[in-house]
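Engineer: sequence and predicted structure, then a few things I'm wondering about:
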Amino acid sequence: MSFFLGKFLGWVTDPGLWLILLLLGAFWGSFRRRGGGGRGFLALALLLTLALAVLPVGGWLLLPLESRFPAPASLPERIDGILVLGGGLDGKASAARGQPVLNDAAERFTAAATLARAHPEARLIFSGGSNSIWEGQEPEAHYAERLLLDLGVAPDRLTVEATSRTTRENAANLTALLGGPPQGNWLLITSAWHMPRAVGCFRHLGWQVIPYPVDYRTQGEGEPLKPLDPAAGFAELSLALHEWLGLLAYRIQGATDALFPSP
């Protein structure tokens, strides 16, 4: 999936956009003589909002993604490398404020620092460029390097790859950086809901990574009804739809060998 296709999918899978379109339809329909169409659009907008405010629709779709690769019960005694994929920093805010600004996927960094301390023999590699469609924004890797050094990772153990803008590019650029899939035990750190697509991309290029999922959004055994929280409902559904469509796009494009990679 190309960078711009990913941005487009993120836009069209945003339920907030659907709500705006329904409200625009209701506004347009209100000017018609009978106004029935407007009331219909308004009713659909209300139903969408109420459904996502109460029903964990996004959680239901995220659960199989997050459950696909369980966190390892134990790790090999020796870890040769730790791969951390970008996505844990707010790039625009970091650039504006001149310091690393974490988002709700910050566990990618805390887990990396913890594992680096536990396995001093391991090399740590961060991969992540700019996620902006406009040129000029600094890559996430610049702020990630600063953050990981502040968290205690030794400079001689840390490598950053600053050009990748998609998961497919993460795998391809790291493969080129290391001169091919490395031997040994390499951990892959990314959000649990993103792990199937990430593992699929690395496997396609010959890697045998050990998935280390973080940043869980679900509770793991069905999702309970929520109090009225439409913002969370809209965000979870958008994330889930984008990831499922990303898996489909990557399989069609030949970036992965399976539609839903498994352990």
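Structural biologist: Alright, I've got the coordinates. Keep in mind it's a predicted model, so treat the numbers as computed, not measured.
Engineer: doesn't Pro64 fall inside a helix?
Structural biologist: Yes - the assignment for Pro64, made by DSSP: H, G, I helix; E, B strand; the rest coil, places it in a helix.
Engineer: now do it against Ser164, distance only.
Structural biologist: Going from Pro64 to Ser164 by CB to CB, to the nearest Å gives 26 Å. For every residue, glycine as well, the C-beta is placed using N, CA and C.
Engineer: these two: which is more packed in?
Structural biologist: More crowded of Pro64 and Ser164, by other CB atoms under 10 Å: Ser164, with 23 against 14.
Engineer: quick one: that one and Thr175 touch, right?
Structural biologist: No - taking contacts as CB atoms under 8 Å, Ser164 lies outside contact range of Thr175: 11.1 Å.
Engineer: tell me how far Gln253 lies from Thr167.
Structural biologist: In terms of CB to CB, Gln253 sits 12 Å off from Thr167.
Engineer: more crowded one of those two?
Structural biologist: Higher neighbour count among Gln253 and Thr167: Thr167, with 26 against 12, using other CB under 10 Å.
Engineer: need phi/psi at that one.
Structural biologist: Dihedral pair for Thr167: phi -60, psi -40, per degrees, to the nearest 10.
Engineer: could you number the chain from 9 rather than 1 from now on?
Structural biologist: Fine by me, first position is 9 from now on; the one you just mentioned is Thr175.
Engineer: residues contacting it?
Structural biologist: By CB atoms under 8 Å, 6 or more residues apart in numbering, the residues touching Thr175 are 9, 93, 202, 205-206, 209, 254, 258.
Engineer: how about residues contacting the one helix or strand Arg154 maps to?
Structural biologist: In this structure, Arg154 sits in helix 148-158 according to DSSP states H and E. Applying CB under 8 Å, 6+ apart, the contact partners of helix 148-158 are 92, 94-97, 99, 102, 107-110, 117, 120-121, 124, 132, 134-139, 163, 166, 168-170.
Engineer: just the buried ones from those residues, in ChimeraX syntax?
Structural biologist: Buried residues among those (16 or more other CB atoms under 10 Å), as a ChimeraX selection:
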select :92,94,95,96,97,99,102,108,109,110,117,120,121,124,132,134,135,136,137,138,139,166,168,169,170
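Engineer: helices of the stretch 109-258 of the chain, start to end?
Structural biologist: Counting by DSSP state H, counting those that start in this stretch, the stretch 109-258 of the chain has helices at residues 115-126, 148-158, 175-185, 203-212, 238-261.
Engineer: lowest-confidence stretch among those helices?
Structural biologist: If these are sorted by mean pLDDT, helix 238-261 sits at the bottom with a mean of 92.
Engineer: burial check on the nearest residue to Gly230 once chain neighbours are set aside, number of neighbours?
Structural biologist: Counting by CB to CB, 6 or more residues apart in numbering, Leu71 is the residue found nearest to Gly230 once chain neighbours are left out, at 7.5 Å. Residues near Leu71, counting by other CB under 10 Å, number 22.
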